[in-house]
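Enquirer: Kindly return the folded structure for what I paste below:
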Amino acid sequence: MNRRRRNSIESVSRRNFLKGLGAAVALPAFSSLSPSKLFAAETALQAATTSTGAPLRTAFVMFPNGAIPARWWPTGGERDFVFNETLQPLNHLRDQLQVVSGLDHANANPGDDGGGDHARGNGVYLTGVRLNKSATDVRAGISIDQEMASEIGYLTRFPSLELSCDAKRQSSNCDSGYSCAYQYNISWKDESTPMTPENNPRLVFERMFGAGSHGERAESARRRMMDRRSILDFVLDDAHRMQRRLAKGDQEKLDQYLTGVRDVERRIQKAEQFGPNADPEIETPVGIPESHAEYIDLMYDMMLLAFKTDSTRVATFVLGHDGDNRSFSQIGINEGHHDLSHHQNNIDRVNKIAAIDRWYVERFSAFLDRLSSEVDVDGNSLLHNSQIVYGSGNADGNIHSHEDLPIILAGVGGGTLDTGRFVKHGAKPMSNLFLSLADKVGVNGLDRFGDSTGRLGNI
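Expert: Residues are numbered from 1 along each chain as shown. Here you go, the predicted model:
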């Protein structure tokens, strides 16, 4: 093979490999090197347990465009409440969840920023911070799932898992001057780095367990890991040879680049430390199903598998970004969800939004049923040993409100959550709930989060 072709193959191999690692970090431009001397010019780098010793899992699920409050909230008292029509599919699970009212996201309100409630509803949902209104200067805050992952992520093969049934968009203007990064991500590693969710169930499965059929996946994952390490060593060797030819300013840029590469290396070492992947006795998903109900159910199953195999203990799932205008022909609704959410009290449109709200709850209920049927290592169910927040960053989509958000807290938290209740907390920051949930998974030293004013008691 001639040298030019070999170099081309090596460059492509490195690009494809690094793109699969999950963090996009473009190689910096070096003023002291001509373009012909750059290698891979477009390289991309892409402890807590329950009292019985079982892992405590945490998930955050977001549905779009708020809800119809009068159809969402139960009636009655704390213990003798009666589910309204939207939450009726959860009735048989009432002893394993709480309906939580009174939680607000004040930082999602317009203030001086004007329009953009959908971007704010999405970006503030798990961060609790004020977003910087810009299509290019993205600044949010670390999300609560990543606070948890930074503390307990070392216990599992993957610190966290980010899922979506939505498109992937990270740049440009999506809502009244807000970047698409806000509207399509709820998980943030830091104020400027969203954790881009995966929306293809096949890729989620293969990331966790390896490619191929049952019986082949562990060996496939091992070979892939060896290939990753080989290519990463090659990239690092190239970078170190280049470093000697760079001016001081460019050396600093390369150091920043190498920091990202070394982070990938640490992740490889961590994966190796956990040994062979789990190998579920199920077929690998073929991709994204045509049916949206099957799509959502399959992504929920990916989360269940991740929890069941202890691949991770922290997950997020975006059912649809706030502002999503999907139609629901499967239940006889052909208009767009977002368009309908501005119902102006038209009873036909209100009924259709309530039907969509209930449809999402039915999918969530089916997921909880599957968690409840899975026996954990301590003999309890996975649902018993979980804490799962289900809700929206908008309260009433008709008026774009962010007070009294529609929130369900499902799971028993390993016995630490007081379930079977409709709890009215008054006006409290949603961030207070996040602080309390972080305590339960063992996050240490987190005195404040977002706009918190303290822990949320009575959960």
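Enquirer: Give the rounded mean pLDDT of stretch 333-344.
Expert: Across stretch 333-344, pLDDT averages out at 96.
Enquirer: Could you do stretch 140-153 as well?
Expert: 96.
Enquirer: For stretch 77-89, what is the distance to the chain centroid?
Expert: With Cα atoms, centre = their mean, to the nearest Å as the basis, stretch 77-89 stands 28 Å off its chain's centre.
Enquirer: sorry, that was for stretch 188-205
Expert: Distance, stretch centre to chain centre, for stretch 188-205: 6 Å (Cα atoms, centre = their mean).
Enquirer: Need the mean per-residue confidence for that stretch.
Expert: pLDDT averaged over stretch 188-205 gives 95.
Enquirer: Straight-line length of it, end to end?
Expert: Start to finish, the residues bounding stretch 188-205 are 22 Å apart (Cα to Cα, to the nearest Å).
Enquirer: Residues contacting it, please?
Expert: Contact with stretch 188-205 is made by 22, 126-127, 129, 138-143, 146, 160-168, 170, 181, 184-185, 187, 207, 284-288, 295, 298-299, 301-302, 305, 316-318, as judged by Cβ atoms under 8 Å, 6 or more residues apart in numbering. Every residue, glycine included, has its C-beta placed from N, CA and C.
Enquirer: mind listing which of those are in helices?
Expert: Of the contacts of stretch 188-205, the ones assigned to helices by DSSP state H are 146, 181, 207, 295, 298-299, 301-302, 305.
Enquirer: In these, which has the lowest confidence score?
Expert: Within those, lowest confidence goes to R207 (89).
Enquirer: distance of the residue lying closest to that residue once chain neighbours are set aside from K168?
Expert: Leaving out its chain neighbours, the residue that sits closest to R207 by Cβ to Cβ, 6 or more residues apart in numbering is E198, at 7.3 Å. Remark: distance between E198 and K168 (Cβ to Cβ, to the nearest Å) = 9 Å.
Enquirer: So which of those two has more stuff around it?
Expert: Using other Cβ atoms under 10 Å as the criterion, E198 and K168 rank with E198 on top: 18 against 13.
Enquirer: For the more buried one, give me phi and psi.
Expert: Main-chain dihedrals, E198, degrees, to the nearest 10: phi -90, psi 130.
Enquirer: likewise S431?
Expert: Dihedral angles (degrees, to the nearest 10) for S431: phi -60, psi -30.
Enquirer: so it makes contact with S452?
Expert: Yes. If you go by Cβ atoms under 8 Å, S431 and S452 touch, sitting 3.8 Å apart.
Enquirer: quick one: common contacting residues for the two?
Expert: The contact lists of S431 and S452 share G128, where a contact means Cβ under 8 Å, 6+ apart.
Enquirer: higher neighbour count, these two?
Expert: S431 (27 against 20).
Enquirer: give me the low-pLDDT residue ranges for this protein?
Expert: Applying pLDDT under 70 to the chain flags the ranges 1-48, 169-171, 216, 218, 220-240, 243-244, 249, 251-254, 256-273, 275-276.
Enquirer: give me that answer again for 50
Expert: For the chain, applying pLDDT under 50 flags the ranges 1-46.
Enquirer: just the helices in this structure please.
Expert: Using DSSP H, helices in the chain cover 3-19, 69-72, 117-124, 144-152, 180-183, 201-209, 217-243, 248-273, 292-308, 337-341, 347-373, 430-440.
Enquirer: For G66, the count of nearby residues, please.
Expert: Neighbour count for G66, taken as other Cβ under 10 Å: 28.
Enquirer: Mind splitting the protein into its structural domains?
Expert: Structural domains annotated on the chain: 3-45+218-270, 57-210+287-440, as defined by automatic domain parsing.
Enquirer: Find the one among the ones you listed with the highest mean neighbour count.
Expert: Of all the domains of the chain, domain 57-210+287-440 has the most neighbours on average by mean count of other Cβ atoms under 10 Å, namely a mean of 20.
Enquirer: What's the end-to-end length of it?
Expert: Start-to-end, domain 57-210+287-440 (Cα to Cα) is 10 Å.
Enquirer: Please apply the same query to stretch 134-151.
Expert: Using Cα to Cα, first and last residues of stretch 134-151 are 31 Å apart.
Enquirer: With stretch 375-383 instead?
Expert: End-to-end for stretch 375-383, by Cα to Cα: 9 Å.
Enquirer: what's the answer for stretch 140-159, then?
Expert: One end of stretch 140-159 sits 21 Å from the other (Cα to Cα).
Enquirer: chain center to it: distance?
Expert: Using Cα atoms, centre = their mean, the offset of stretch 140-159 from its chain centre is 11 Å.
Enquirer: Then stretch 444-451?
Expert: Once both centres are worked out by Cα atoms, centre = their mean, stretch 444-451 turns out to sit 20 Å from its chain's centre.
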